[in-house]
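> Just need the structure, nothing else, for what follows:
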Amino acid sequence: LIKYPLSISQHIEALKIMEEIHDYKGVADSYFFIGVIFKSINGYEKAISYFEKSAANYEMIKDTFGMNRALNKIGHVTLDSKKNANPKECVRLTFKAIKVYERTLDLIKRTKDKERLASNYVNLANAYLGLGHFTFEDERKRILEKSLNYSQTSFNIAQSIDDGSLMCVNLLNMGEANEI
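Numbering: from 1, shown residues only. Okay, here's the model as predicted:
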């Protein structure tokens, strides 16, 4: 059994030490892991706050991969927070996540890391796919077309690096987009 309050306090204690010794990567990592804990207990607002602090610290030390990881978590938590939202709020939160995913895509394109690039395209494809469930017929086609394009781009990259798992995720996404 995980003891979340104890875990949070231990990470906060580690964070304070990292700040005192000016270990900025450690600070960014600590914020990140505190965010993970809050995400685990559905503390979405706190999780996003810690992931934002993590991303800012990663950016300060020019750690592109850390920043990408923290920003992607913000997008994921934003989408997770839709669970009890009304349809209008779901659409708003999905567009918010899409903006974050677009930012991560810009970051990762500069690194030439094909696996992360393909994963970021999947995140965008999934967000648009989810949005397709909340839109009217005339707009749905345009939104699902975006999902299909992101999935196809991700699939092509996954194929070029021989990532069968990622290829399957994209095929499943494309199949779902074509069903809606």
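> low-scoring stretches of the chain, by residue?
Counting by pLDDT under 70, the low-confidence segments of the chain come to 1-2.
> now the helices for it?
4-20, 24-40, 44-60, 64-80, 87-109, 114-132, 137-160, 164-179 (DSSP state H).
> and the longest one, C-alpha only, in CSV?
C-alpha atoms of helix 137-160 as CSV (Å, rounded to 0.1, in the frame of the first residue of the first chain):
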residue,chain,number,x,y,z
GLU,A,137,-21.0,16.5,-37.7
ASP,A,138,-19.7,19.4,-39.8
GLU,A,139,-16.7,20.0,-37.6
ARG,A,140,-16.1,16.4,-36.7
LYS,A,141,-14.8,15.5,-40.1
ARG,A,142,-12.1,18.3,-39.9
ILE,A,143,-11.1,17.3,-36.4
LEU,A,144,-10.9,13.6,-37.2
GLU,A,145,-8.9,14.4,-40.3
LYS,A,146,-6.3,16.1,-38.0
SER,A,147,-6.2,13.0,-35.8
LEU,A,148,-5.7,10.8,-38.8
ASN,A,149,-2.9,13.0,-40.2
TYR,A,150,-1.1,13.0,-36.8
SER,A,151,-1.6,9.2,-36.5
GLN,A,152,-0.2,8.6,-40.0
THR,A,153,2.8,10.8,-39.4
SER,A,154,3.5,9.0,-36.1
PHE,A,155,3.0,5.6,-37.9
ASN,A,156,5.5,6.5,-40.6
ILE,A,157,8.1,7.6,-38.0
ALA,A,158,7.4,4.4,-36.0
GLN,A,159,7.8,2.3,-39.1
SER,A,160,11.1,4.0,-39.9
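> re earlier: save the helices of the chain as JSON lines, and put in mean neighbour count too.
No exception for glycine: its C-beta is placed from N, CA and C like everyone else's. Output for the helices of the chain, formatted as JSON lines (neighbours: other Cβ atoms under 10 Å):
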{"stretch": "helix 4-20", "mean neighbour count": "14"}
{"stretch": "helix 24-40", "mean neighbour count": "20"}
{"stretch": "helix 44-60", "mean neighbour count": "20"}
{"stretch": "helix 64-80", "mean neighbour count": "22"}
{"stretch": "helix 87-109", "mean neighbour count": "18"}
{"stretch": "helix 114-132", "mean neighbour count": "22"}
{"stretch": "helix 137-160", "mean neighbour count": "17"}
{"stretch": "helix 164-179", "mean neighbour count": "15"}
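> Without its sequence neighbours, what residue ends up closest to the residue sitting nearest the centre point of the chain?
Nearest to the geometric centre of the chain sits residue 72, at 2.5 Å (Cα atoms, centre = their mean). If the residues on either side of it in the chain are set aside, residue 72 comes closest to residue 104, at 5.4 Å by Cβ to Cβ, 6 or more residues apart in numbering.
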